[in-house]
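A.B. asks: starting from these lines, generate the structure:
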Amino acid sequence: MNDTTKSPSLEARLRAHQQQLPPAERRLAELLLNFPGDISRYGAGELADAAGTSRAAASRLFRRLGYRDFNEARQQVRDAQRWGSPLYLSSSGAVLRETAGQTGDVGQEHATAALTQADLAQAGLAQPDLAQPDNVELAAHLAQEQDNLARSLTELDTGALSAVVTGLSAAHRIHVVGFRNSQMLASLFQRQLQLLRADVQLLPKAGQTLGEDLVDIGEGDMLILVALRRRTGMEQAVLTACHQKGAKSLLVTDPSCPMSLTSTWRIEARVASSSPFDSYTSCLSLIQAICTTYYRENMGACQERLRRVEDLHEDLSELTGY
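C.D. replies: Model prediction:
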């Protein structure tokens with residue numbers, strides 16, 4: 001099989017050929033330009049029907065685009081979905097409506113199902129408001145969020161959680177790092193831990209690059225790296241620098257992260273979504289679980305610190321109380 005990950009994307013190929021396509025192929029091309037992720041969810045015949053063209057025209061289109069066949073194009077799109085490209089995680093409502101109640105070749109974490117009453121009942125969502133046709137998308141969203149939470153928490157190794165909390169308690173200093181959307185989660189993690197213990201920093205600091213901050217990490221410290229997809233490529237360098245200095249590390253990631261990204265401890269959150277955007281609900285819940293467990297294991301010290309924080313809030317008149 002060709003290495004489609006290094007080939008032009010489906011979207012790039014479609015745009016390069018769009019103006020020269022015969023009408024029958026152009027209709028399918030326009031559907032796929034809007035929703036290229038549909039290839040991973042539906043068969044060539046289903047896509048052709050949704051575009052109002054023939055299966056023969058669909059076959060000609062994929063060969064014209066440089067693929068051996070439809071399956072090669074599908075594999076390339078699925079690779080893009082695993083990487084987390086929002087463009088390839090979206091789906092056409094038209095195709096969903098056309099295939100409602102049918103069994104498709106989904107097999108992907110981000111596939112959006114056309115939910116029936118039976119589907120809702122099985123998911124525990126057979127409530128009248130969510131079961132109405134106008135709310136099927138909301139029901140799909142809720143079902144996926146519940147699945148993410150259930151799988152992330154049931155797959156969590158309680159032994160690893162205990163070891164992480166012990167590491168947080170023993171660490172001289174804690175350094176929390178995240179890039180792109182993961183920075184938002186890293187910031188929350190840092191702020192929660194800062195309420196419970198001293199010497200918790202979010203890196204890099206404003207106006208600095210990582211070198212100025214990583215130079216101070218040493219033995220006895222702990223680094224928390226939040227690295228949900230799509231990752232930047234900086235993650236391995238950060239972990240390597242941390243390990244070379246004798247610090248321990250916690251990697252908070254998702255199942256698509258390669259095991260070659262090594263850390264002292266690894267916790268995974270499910271990020272599947274019924275939309276083009278990854279869901280961070282389960283990651284937020286895992287962060288909360290870690291901080292809550294830390295609090296319970298160190299309740300006396302945490303309570304004393306929280307009292308001092310509240311005293312300062314009052315002295316500084318920082319909060320209104322409502």
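A.B. asks: going by C-alpha atoms from here, please, whenever you check contacts or count neighbours.
C.D. replies: Will do.
A.B. asks: please, where are all the helices along the stretch 151-300 of the chain?
C.D. replies: 158-170, 181-196, 210-214, 235-244, 281-297, 299-316 (DSSP state H, counting those that start in this stretch).
A.B. asks: tell me where the model's unsure across the stretch 151-300 of the chain.
C.D. replies: For the stretch 151-300 of the chain, residues meeting the criterion pLDDT under 70 lie at 207.
A.B. asks: nearest to Arg27, out of the helices of the stretch 151-300 of the chain?
C.D. replies: helix 181-196 (35.3 Å; Cα to Cα).
A.B. asks: and that closest one, what does it pack onto?
C.D. replies: strand 174-178, strand 200-203, strand 222-226, helix 281-297, helix 299-316 (3 or more Cα pairs under 8 Å, 6 or more residues apart in numbering; DSSP states H and E).
A.B. asks: mind listing what's buried in it?
C.D. replies: Of all the residues in helix 181-196, those buried under the rule 16 or more other Cα atoms under 10 Å are 181-183, 185-190, 192-196.
A.B. asks: stretch 9-23 too?
C.D. replies: Those would be Leu10, Glu11, Arg13, Leu14, Gln18, for stretch 9-23 by 16+ other Cα under 10 Å.
A.B. asks: in helices, which of these appear?
C.D. replies: Secondary structure from DSSP state H places Leu10, Glu11, Arg13, Leu14 of the buried residues of stretch 9-23 in helices.
A.B. asks: distance to Leu251 and pLDDT added to those residues, as TSV?
C.D. replies: Putting these into TSV (distance: Cα to Cα, whole Å; pLDDT from 0 to 100) gives the following:
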residue	distance to Leu251	pLDDT
Leu10	33	85
Glu11	33	81
Arg13	37	89
Leu14	38	88
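A.B. asks: distance to Asp38 added to those residues, as a markdown table?
C.D. replies: A markdown table is the format used below for those (distance: Cα to Cα, whole Å):
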| residue | distance to Asp38 |
| --- | --- |
| Leu10 | 12 |
| Glu11 | 12 |
| Arg13 | 16 |
| Leu14 | 14 |
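A.B. asks: distance of the residue nearest to Phe70 when sequence neighbours are not counted relative to Glu72?
C.D. replies: Distance criterion Cα to Cα, 6 or more residues apart in numbering; nearest residue to Phe70, sequence neighbours excluded, is Phe62 at 6.0 Å. Taking Cα to Cα, to the nearest Å as the measure, Phe62 and Glu72 are separated by 9 Å.
A.B. asks: try Thr209
C.D. replies: 41 Å.
A.B. asks: more neighbours: the two, which one.
C.D. replies: Neighbours per residue (other Cα atoms under 10 Å) separate Thr209 from Glu72, with Glu72 holding more: 17 against 11.
A.B. asks: the helix or strand containing the more buried one packs against which elements?
C.D. replies: Secondary structure assigned from DSSP states H and E places Glu72 in helix 70-83. On a contact count with 3+ Cα pairs under 8 Å, 6+ apart, helix 70-83 meets helix 10-17, helix 55-64, helix 86-89.
A.B. asks: for the longest one, which positions count as buried?
C.D. replies: Across helix 55-64, burial judged by 16+ other Cα under 10 Å covers Arg55, Ala57, Ala58, Ser59, Arg60, Leu61, Phe62, Arg64.
A.B. asks: and the contacts of that helix?
C.D. replies: Ala24, Glu25, Leu28, Ala29, Ala44, Gly45, Ala48, Asp49, Arg68, Asp69, Phe70, Ala73 (Cα atoms under 8 Å, 6 or more residues apart in numbering).
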